[in-house]
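sequence isn't available, so here's the structure alone:
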DNA sequence: GCCAACGTTGGC
DNA sequence: GCCAACGTTGGC
């Protein structure tokens, strides 16, 4: 089992929104970065652990725990000209962008980015690397364990 | 709103 | 294949 951190802007979809969704499950549409797509398509398995991260907001940080709830499948918004996420170069025969379903398990206390940065055991987290902008990053088992402890 | 850092595009 | 220009991300 692998672990991941997935960023969401709470204005778009917060941990509360995800918990309020049917089956607490939401499609993770809108990823338009190849590395992040590849993590979903090639790396994720159903049941993988997910740190639900709030970004681009007054208090960025980890806001909840979730899990991967499906294999990767095409993100329909790429085919919709009216969508913000439309991609003219994508076709149904040759989709370019994939997504997974994510099931929210619980809301946690907000574990702020600044607090994560202050933990020596977490300094190698992909999230914390200089210039890192990826919306989906891997988390090691040791990092996952440390963060669970911080959330106790 | 600023800006550092990064990814993508497209001309050559 | 290089790389300049541009667009985006996301913390502050």
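Looks like it came in fine. Treat the numbers as computed from the prediction; the structure is a model and nothing was measured. Numbers count the residues shown, from 1 in each chain, chains lettered A, B, ... in the order given.

what parts of chain A come near DNA strand B?
Residues of chain A lying close to DNA strand B (C-beta under 7 Å from any atom of the strand) are A:33, A:34, A:35, A:130, A:131, A:132, A:133. Quick note: C-beta positions are derived from backbone N, CA and C, even for glycine.

give me the buried subset of those residues.
Neighbour counting by 16 or more other C-beta atoms under 10 Å classes none of the residues of chain A next to DNA strand B as buried.

nearest to DNA strand C among these?
Closest to DNA strand C out of the residues of chain A next to DNA strand B is residue A:133 (4.0 Å), distances taken as C-beta to the nearest atom of the strand.

so the closest one lies in a strand, does it not?
No. With DSSP: H, G, I helix; E, B strand; the rest coil as the criterion, residue A:133 is coil rather than part of a strand.

how far away is it from residue A:82?
Distance of residue A:133 to residue A:82, computed by C-beta to C-beta, to the nearest Å: 27 Å.

now chain A against DNA strand B: closest residue?
For chain A, C-beta to the nearest atom of the strand, closest residue to DNA strand B: residue A:131, 1.9 Å.

before we move on, the earlier item: export the residues of chain A next to DNA strand B to a markdown table and tack on distance to residue A:7 and pLDDT?
Listed next are those as a markdown table, based on distance: C-beta to C-beta, whole Å; pLDDT from 0 to 100:
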| residue | distance to residue A:7 | pLDDT |
| --- | --- | --- |
| A:33 | 11 | 95 |
| A:34 | 16 | 94 |
| A:35 | 13 | 94 |
| A:130 | 17 | 90 |
| A:131 | 15 | 88 |
| A:132 | 10 | 89 |
| A:133 | 9 | 92 |
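
which strands or helices does the longest helix along chain A pack on?
As assigned by DSSP state H, the longest helix anywhere in chain A is helix A:141-151. Here helix A:141-151 touches strand A:3-8, strand A:49-54, strand A:61-68, strand A:101-112, going by 3 or more C-beta pairs under 8 Å, 6 or more residues apart in numbering; DSSP states H and E.
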